[in-house]
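In: give me a 3D structure for the following:
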Amino acid sequence: MPSTLTGVALFVVLLTPGFIFLQRREQFHSGVTYTVLRETSLVLLASLASLLATVSVLVPVRLVMPAHTPDVGAYVREFDRQFKTHYVEAGIWGLTVLVLASAFAYWAAAPPRWTEKVIRRAGCGSVADWVHGWRGADRIESLSGWAKAKAFYPDLEQWVDVMLVDGSFVHGRLLSANPQLDETPDRDLLISSPISARRPDGELAPMPDWGVVVVNAAKINYIAWRYAPPAGSASQD
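Out: Numbering: from 1, shown residues only. Below is the predicted model:
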């Protein structure tokens, strides 16, 4: 493990491709829970593979243009002196390697669909099928259904019809909805006046001057969202 501030910074930078790989991978494969050891190993291996792939691509560049590329052997033998003497060159090439390795990790985590099409057109159907399975289906959106429904028409006034599991019903203007991604029963809706409610037997519930009604997610059967221009707006008129 690095013991200096420079070593720690370099260690974190070199792990960037692995973090990108893991983040991209989780966007196409849901429900994957990693242990600390497995997640750390995945980041390390993804970073190492991405950096090795990038270096293998840059080796021919070094062979073709030795005068315009850094002398890796000299850096290995005398890193401090070489870095102080050629810090601009080292910074440019270091950033280039990091960007290319990160791009490779992003691509390898979930290859774009054009990759599968190119491979299939080349006659490698079995490889294309493997790439399709590795990539996963569609991208997973990290938004709950409540958050997406609330974001459809953010400039319009939102009303909800909430049917509860016991058959009762609540209608009113949506004040807030918990955007939490996990579908837990701890979430809730806040409905503001004017509010109307109906009991399970169909009778209207008495409504003294209710200001806000809090509806717990565990009690909800379904929600119908409605959108309307704010009262008094030009669209409403």
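In: which one is Arg226 nearest to, not counting chain neighbours?
Out: The shortest distance from Arg226 to any non-neighbouring residue, by C-beta to C-beta, 6 or more residues apart in numbering, is to Trp159 (4.3 Å). Placement of C-beta: from N, CA and C, glycine included.
In: could you pull out the helices for the chain?
Out: Remark: helices assigned in the chain by DSSP state H are 5-14, 16-26, 36-64, 72-77, 79-85, 87-109, 113-121, 125-135, 145-151.
In: run the chain-centre distance for the fourth one.
Out: Going back to what we said before, that points to helix 72-77. 39 Å (C-alpha atoms, centre = their mean, to the nearest Å).
In: packing partners of it?
Out: Counting contacts by 3 or more C-beta pairs under 8 Å, 6 or more residues apart in numbering; DSSP states H and E, helix 72-77 is packed against helix 79-85.
In: hmm, who's touching the helix it packs on?
Out: By C-beta atoms under 8 Å, 6 or more residues apart in numbering, the surrounding residues in contact with helix 79-85 are 71, 74-75, 90.
In: narrow those residues to those that are buried.
Out: When the contacts of helix 79-85 are checked for burial by 16 or more other C-beta atoms under 10 Å, the buried set is 75, 90.
In: between the contacts of helix 79-85, which is nearest Leu52?
Out: Distances from Leu52 to the contacts of helix 79-85, taken as C-beta to C-beta, are shortest for Tyr75 (16.9 Å).
In: for the closest one, which non-adjacent residue is spatially closest?
Out: That would be Gln82: by C-beta to C-beta, 6+ apart, it lies 4.9 Å from Tyr75.
In: which of the contacts of helix 79-85 lies closest to Leu164?
Out: Using C-beta to C-beta, the contacts of helix 79-85 come closest to Leu164 at Ala90, 64.9 Å.
In: so what's that closest one up against?
Out: Residues near Ala90 by C-beta under 8 Å, 6+ apart: 70, 75, 82-83.
In: recalculate using a threshold of 7 Å.
Out: Going by C-beta atoms under 7 Å, 6 or more residues apart in numbering, Ala90 touches 70, 83.
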